[in-house]
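Trainee: Provided below for reference: sequence and predicted model.
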Amino acid sequence: MESLTKTQDRDAKRSKTESETELPQDNEEIRTLKEQYESLISKKKSLQRELENVMPQRLASSLMQEVTGGKLPDYTTSALQREVLVRAVKTAEKRKHEDILWAYRLAGLSAKVEGTTAMLTIETSRSGQYFEPFYLELKFADKIHIGHHTVPYFIPLKSIASSHLNSNAKLFVSTVHRHLNAYVSRRQQAYDTQQQHKDWISGRVDASYAVDYVHFTLKPIGALEEPLEVRLLYTDLKSSLPEVVKITPKDAQTVHAGVKRWCRQQKVTFKEQQLPEAVTILILSLTGTN
């Protein structure tokens, strides 16, 4: 009996010892679980902050791109929030369009708006006289796109739009306006020169379609016995004055060096004056009546 009691005591101690040796392992598992739990809590809080701060911006950005196409992202949290965001995006788009049209009106242009399309009328003039208008259609979607237009092909419309249309509407329209006004001015200068000085011009004033190159020949005038060839090159299509001027006697090899020097001196006049006025000054200097 005593032996049995001792055996039971030994078993109890052994069980207690084993239990005590297993406890640290259990504590390690508990710590691991606790760390995982805290990590999940941290991730949850991080996601909540993203939902509160980042997601609305991301959602609005996505809506700005997709709302006009009839598609909406799937991560809106409720129908009410979805409706509010759609209204906000449409309002922002409307204000953006209004700002652009306001910029056009500042430039003296008119615009007719129908839905998501605006038709601009760009007037041209020279010396207070109005000439033909040009038309430019803009389509508003996620970005502004150019639709139909009557802008001449030689004006770099796509390049101007790529640089300014969606970033600086006022600069875009003013740049296009400058190109068109400069073109009309060059064209009318060539026409007026032909009309005003036809008695002094041999043949006609020739010009490229963009009127960025002009050529004509002046008849012998005064002491100048040789016809004068006048060539003008407009390298900047936003300008109505030439950057390159060449005035040469038709038979330059037989002309006195003083005449050639005089021709070079006349270049400044053509670079500073409108073409009809520059030709008038040239003629007057040759006839000695200036």
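Mentor: Great, that's in hand. Residues are numbered from 1 along each chain as shown.
Trainee: taking the mean pLDDT, what do you get for stretch 166-185?
Mentor: Confidence over stretch 166-185 (mean pLDDT, whole number) is 92.
Trainee: got it, and stretch 127-144?
Mentor: Stretch 127-144 comes out with an average pLDDT of 90.
Trainee: now the end-to-end length of it.
Mentor: Length of stretch 127-144, first residue to last, Cα to Cα, to the nearest Å: 33 Å.
Trainee: ditto for stretch 222-232
Mentor: Start-to-end span of stretch 222-232 (Cα to Cα) is 23 Å.
Trainee: just stretch 220-232 next, same as before
Mentor: Stretch 220-232 stretches 19 Å from its first residue to its last (Cα to Cα).
Trainee: Run a quick neighbour tally on Val230.
Mentor: Look at Val230: counted by other Cβ atoms under 10 Å, it has 23 neighbours. For the C-beta atoms, the positions are set from N, CA and C on the backbone; glycine is no exception.
Trainee: What helix or strand is it located in?
Mentor: Assigned by DSSP states H and E, Val230 belongs to strand 228-233.
Trainee: hmm, who's touching that strand?
Mentor: Strand 228-233 is contacted from outside by 212-218, 221, 242-250, 263, 270, 275, 279, 282, using Cβ atoms under 8 Å, 6 or more residues apart in numbering.
Trainee: could you redo the last one with a cut-off of 7 Å?
Mentor: With contact meaning Cβ atoms under 7 Å, 6 or more residues apart in numbering, strand 228-233 is reached by 213-218, 242-250, 270.
Trainee: Kindly report the same for stretch 200-215.
Mentor: 154, 183, 186-187, 190, 193-194, 216-219, 221, 227, 231-234, 237, 283.
Trainee: if we go to 8 Å?
Mentor: Contact with stretch 200-215 is made by 152, 154, 183, 186-187, 190-191, 193-194, 216-219, 221, 227, 229-235, 237, 242, 275, 279, 283, as judged by Cβ under 8 Å, 6+ apart.
Trainee: which of the residues in that stretch are buried?
Mentor: Across stretch 200-215, burial judged by 16 or more other Cβ atoms under 10 Å covers 200-201, 205, 207, 210-215.
Trainee: tell me which of those is nearest to Lys158?
Mentor: Nearest to Lys158, judged by Cβ to Cβ, of these is Ala210 at 16.0 Å.
Trainee: how close does that closest one sit to Ala257?
Mentor: Between Ala210 and Ala257 the distance is 36 Å, computed by Cβ to Cβ, to the nearest Å.
Trainee: Could you tell me how many residues sit around Glu137?
Mentor: Number of residues near Glu137 (other Cβ under 10 Å) recorded here: 15.
Trainee: Over to Gly288?
Mentor: Gly288 has 8 neighbours, counted by other Cβ under 10 Å.
Trainee: Got phi/psi on Leu275?
Mentor: Main-chain dihedrals, Leu275, degrees, to the nearest 10: phi -60, psi -50.
Trainee: Might one say that it is in contact with Arg187?
Mentor: No. The criterion here is Cβ atoms under 8 Å, and Leu275 misses it with Arg187 at 10.6 Å.
Trainee: So for those two, which sits in the more crowded spot?
Mentor: Between Leu275 and Arg187, counting by other Cβ under 10 Å, Leu275 is the more crowded of the two (27 against 19).
Trainee: re earlier: what helices or strands is the following helix or strand past the strand holding Val230 leaning on?
Mentor: Downstream of strand 228-233, the first helix or strand assigned by DSSP H and E is strand 244-249. Under the contact definition 3 or more Cβ pairs under 8 Å, 6 or more residues apart in numbering; DSSP states H and E, strand 244-249 sits against strand 228-233, helix 257-265, helix 267-272.
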